[in-house]
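*Asks:* Provided below for reference: sequence and predicted model.
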Amino acid sequence: MSAHEINLALRTAAGHERAAHAADAAGTKTYEMKMASAGASAYGAFMLAIKAAPEYQGRKIDDAAIRRIYSSTKPRPWWDSHLKAVKVEGKPADREWGKRLIQWHIDPEAAKARRAHSTARRLANHAKTQKKAETRGGRPPQVRAAAPSTAEMRVVAQASQETALAGRELPQVEEDAGPRWQELLDELQRITLAARRITREHFGPVLDILRTTAAEVERYVP
């Protein structure tokens, strides 16, 4: 396997990752599909690098072996050298970058959970920064955390729902509910996402609206 093939696969992975971040606002599914492509390319590069490494010459290399090597913490200079040849955000790629991308291929559910956790932590830092600004008399600090995107809020909302359900399925509805049931769920998510973006000075009127709406909806609950 040539170094050129490995480098090409890694550069392809980096390209898919850039496309994923660029399309993030389009929705979680779009992001995940592009990251899955990035993971597949990174996995392919890792597989080629293993087969080209002197220490693995003559050994049987299948998917199970690749996953064992991926999970190992042993030094892998032959892999590090290929990673460093690829630039990610202007810097040489490293082992952590490769590991993160490959996870999207071999364990996508763990990759999704890691992303949700990272997004939630960023949002918490954003809220903390805003609170500090208000404590200082409402003047924002010189460097402010970027406001979360709708796609990021959707990730957090989905993660929160999964945590609340604790592995249980959503309540079942009548089979003939059809697309109107999905419309109802979409509107609920829309309200949730909007409410999470409300600034402190609007808490009062928005809370009054939500209380009134909740009371109206409860009228239709059997």
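*Replies:* Arrived safely, thanks for sending.
*Asks:* CA only for contacts and neighbour counts going forward, please
*Replies:* Noted.
*Asks:* Residue 18 and residue 7, how far apart?
*Replies:* Look at residue 18 and residue 7: by C-alpha to C-alpha, to the nearest Å, they are 17 Å apart.
*Asks:* typo on my end, it should be residue 118
*Replies:* Distance from residue 118 to residue 7, counting by C-alpha to C-alpha: 28 Å.
*Asks:* Compare those two and say which one has the larger neighbour count.
*Replies:* Ranked by neighbour count (other C-alpha atoms under 10 Å), residue 118 and residue 7 place residue 7 first, with 19 against 14.
*Asks:* and the more buried one, what does it touch?
*Replies:* Residues in contact with residue 7, defined by C-alpha atoms under 8 Å, 6 or more residues apart in numbering, are 45, 82, 83, 85, 86.
*Asks:* Of the residues you listed, which is the most crowded?
*Replies:* For the contacts of residue 7, the largest number of neighbours (other C-alpha under 10 Å) sits with residue 45, at 26 neighbours.
*Asks:* Please state the offset of the helix or strand containing that residue from the chain centre?
*Replies:* If you go by DSSP states H and E, residue 45 is part of helix 28-52. Put simply, helix 28-52 sits 15 Å off its chain's centre (C-alpha atoms, centre = their mean, to the nearest Å).
*Asks:* Which neighbouring elements make contact with that helix?
*Replies:* helix 3-22, helix 77-84, helix 95-106, helix 150-165 (3 or more C-alpha pairs under 8 Å, 6 or more residues apart in numbering; DSSP states H and E).
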